[in-house]
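[1] Okay, structure incoming, though there's no sequence with it:
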Ligand code: ATR
């Protein structure tokens, strides 16, 4: 469908941005719902982010997604922040109001939780202690999501202990720092194990990650936030041991929903055909 002069505009700012799957995903939804709107890739150099941010407002964009390396800069520039953006300390979604003020949101925790909530495999995953591996930016969103979902305890393990301790201080007493490699005793009653480290993307000693698996109870659900490859080495090994697994692609799809709804006025659905189309682009 061609655009009219009243088309609503949004996009994704990143550097680089060419690998982003978001333009394709939002484009599929725009077509599906017959919306007069466009979602475009915006390659913004970090030195020019503030300029680009103001430019979006000047151009009348409804908003944008913000990806690596701009999430912290965006956090600092927004006029308002949602509670979850403030808790996570980064922004991935900008919503520009009619008054020109920019609200910064973070939908990563929502995406992570929705991916599990909507997967029949994941039943009961939030009803006991969760083990989160890694303490970077993505981990912070995962921990926020799990606590908001009422998980009774999050055990946090990271190679660099100081980072997990910082997160535990931010999130309070339901988060307990455990050693890296993870002691088997800390795994025995875990209901959900989440990999948020970049291990498995190539390079790095996978052993501390894989060593967790034999210590988990058989009913524990195992998930990974990395979606490329869709079934990561960690998930492959978990599946081979008989665990239920959920891959990370759904997190990417679900985290896009709140932005689309805010900019284009329709709540989009993550359907099997949308998932298949994005998968074919991976
Ligand atoms: P993101 O925002 O995607 O979470 P990040 O902040 O760079 O990215 O975090 C990467 C995570 O992977 C961290 O938890 C990191 O551990 P450190 O804090 O010790 O760096 C983890 N990670 C990366 N390479 C690793 C490796 N070889 N062994 C163990 N953990 C690793």
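    Done, it's in. Predicted model only: the values in this text are computed from it and were never measured. Residues are numbered from 1 along each chain as shown.

[2] hey, let's count contacts and neighbours off CA atoms from now on
    Fine.

[3] now residue 244, nearest residue through space, not along the chain?
    In space, and not counting its chain neighbours, residue 244 is closest to residue 221: 5.1 Å by CA to CA, 6 or more residues apart in numbering.

[4] Hmm, I typed the wrong one, I wanted residue 237.
    residue 210 (7.3 Å).

[5] Over to residue 177?
    Nearest residue to residue 177, sequence neighbours excluded (CA to CA, 6+ apart): residue 156, at 4.8 Å.

[6] about what we covered before: pretty sure the residue nearest to residue 244 is touching residue 241, no?
    No. Between residue 221 and residue 241 there is no contact, the gap being 11.5 Å when judged by CA atoms under 8 Å.

[7] who has more neighbours, the two?
    Set side by side, residue 221 and residue 241 show more neighbours around residue 221, with 26 against 12, by other CA atoms under 10 Å.

[8] Which neighbouring residues are in contact with that one, exactly?
    Counting by CA atoms under 8 Å, 6 or more residues apart in numbering, residue 221 makes contact with 122, 125, 191, 192, 193, 243, 244, 245, 246.

[9] what about it, distance to residue 47?
    42 Å (CA to CA, to the nearest Å).

[10] Show me what the residue nearest to residue 244 is bridged to.
    Applying DSSP bridges to residue 221 yields these beta-bridge partners: residue 192, residue 244.

[11] roughly how far apart are it and the ligand?
    The spacing between residue 221 and the ligand, counted by CA to the nearest ligand atom, to the nearest Å, is 20 Å.

[12] confidence score at that residue?
    Turning to residue 221, the model gives it a pLDDT of 98.

[13] pretty sure residue 219 belongs to a helix, no?
    No. Going by DSSP: H, G, I helix; E, B strand; the rest coil, the assignment for residue 219 is coil, not a helix.

[14] For the contacts of residue 221, which entry has the maximal number of neighbours?
    Going by other CA under 10 Å, residue 192 tops the contacts of residue 221 with 27 neighbours.

[15] List the contacts of that residue.
    Residue 192 neighbours (CA under 8 Å, 6+ apart): 125, 126, 128, 129, 130, 131, 220, 221, 222, 223.

[16] Which pLDDT value goes with it?
    98.

[17] One more: residue 34?
    Per-residue confidence (pLDDT) for residue 34: 97.

[18] try the one 10 residues further on
    Looking at residue 44, its pLDDT reads 98.

[19] wait, it sits on residue 14?
    Yes. Using CA under 8 Å, residue 44 makes contact with residue 14 at a distance of 5.8 Å.

[20] from the contacts of residue 221, which is closest to the ligand?
    Checking the contacts of residue 221 against the ligand by CA to the nearest ligand atom gives residue 193 as the nearest, at 14.4 Å.

[21] what sits against that closest one?
    By CA under 8 Å, 6+ apart, the contact set of residue 193 is 130, 131, 132, 133, 220, 221, 222, 223.

[22] Who are the contact partners of residue 21?
    Residues in contact with residue 21 (CA under 8 Å, 6+ apart) are 278, 281.

[23] cool, residue 157 as well?
    131, 132, 133, 134, 135, 164, 177, 178, 179, 180, 181, 182.

[24] again, 7 Å this time
    By CA atoms under 7 Å, 6 or more residues apart in numbering, the contact set of residue 157 is 132, 133, 134, 164, 177, 178, 179, 180, 182.

[25] what does residue 135 give?
    Counting by CA under 7 Å, 6+ apart, residue 135 has contacts 158, 163, 164.

[26] gap between the residue nearest the centre of the chain and the ligand?
    By CA atoms, centre = their mean, the chain has its centre lying nearest to residue 108, at 3.3 Å. Relative to the ligand, residue 108 is positioned 11 Å away (CA to the nearest ligand atom).

[27] Please name the nearest non-neighbouring residue to residue 87.
    Computed as CA to CA, 6+ apart, the closest residue to residue 87 that is not its neighbour in sequence is residue 144, at 7.2 Å.
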